[in-house]
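J.: fold the stuff below for me.
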Amino acid sequence: GIGLKTVRGSATSGYVQRNLSHVDGERARNIRDRTRRGPDEADRKRRTPALGQGKADRKLLQHEQKRKIELEVLELRERLEREGSALDAIEEQCTALRSKRSAELEAERKLRKSERKRARDSASGSGTGASAAPRPATREPTVRSWTDRQ
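T.: Numbering: from 1, shown residues only. Prediction:
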């Protein structure tokens with residue numbers, strides 16, 4: 001079998017590890033066949049989720065948007081430095097651009113939040129007005145006394 005018959009004198013513990021890099025014949029055939037015909041629909045969905053599906057982490061998205069703003073500010077700074085603008089003017093324009101883009105980002109975030117709230121309210125049926133769907137009329141149960149039933 002695998003391993004030593006006895007560990008005495010071998011200066012090892014005798015523990016035999018499994019070779020995790022080994023690919024058996026059946027698995028190799030499956031991989032080869034899959035690469036020939038391309039991944040099927042279920043396999044593709046499982047391995048590569050489509051963009052926009054699932055919930056993205058809100059903080060991660062905000063961080064990416066802030067990075068884009070800083071990249072834009074950096075590009076402005078480099079362009080102004082190449083043009084030979086004064087350092088005070090460069091700082092002033094960069095600060096103005098950063099605050100403008102941050103305000104736009106905040107306004108967009110508030111708009112999305114209010115849209116989500118409006119959609120949630122209308123979906124729950126608590127909305128009033130023309131957009132609220134009328135409730136279907138229910139038939140009132142008739143109440144009869146015991147003597148009326150006979």
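J.: next, count neighbours for residue 85.
T.: Per other Cβ atoms under 10 Å, the neighbour tally for residue 85 reads 15. C-beta: built from backbone N, CA, C; applies to glycine.
J.: hmm, which helix or strand of the chain has the shakiest average pLDDT?
T.: helix 41-47 (a mean of 56; mean pLDDT, DSSP states H and E).
J.: just checking, what packs against the next helix or strand after that one?
T.: Of the helices and strands lying after helix 41-47 in sequence (DSSP states H and E), the nearest is helix 58-83. If contacts are counted by 3 or more Cβ pairs under 8 Å, 6 or more residues apart in numbering; DSSP states H and E, helix 58-83 sits against helix 87-124.
J.: by how many degrees do the helix it packs on and helix 58-83 diverge?
T.: If you take axes from the mean of the first three to the mean of the last three Cα atoms, to 10 degrees, helix 87-124 sits at 150 degrees to helix 58-83.
J.: show me what helix 87-124 is packed against.
T.: Counting by 3+ Cβ pairs under 8 Å, 6+ apart, helix 87-124 packs on helix 58-83.
J.: report the buried residues of the helix it packs on.
T.: Residues of helix 58-83 classed as buried by neighbour count (16 or more other Cβ atoms under 10 Å): 65, 69, 73, 76, 77, 80.
J.: excluding its backbone neighbours, what's nearest the fifth one?
T.: Leaving aside its sequence neighbours, residue 77 sits nearest to residue 94 (Cβ to Cβ, 6 or more residues apart in numbering; 5.4 Å).
J.: same question for the second one.
T.: For residue 69, ignoring the flanking residues on the chain, the nearest one in space by Cβ to Cβ, 6+ apart is residue 101 at 4.4 Å.
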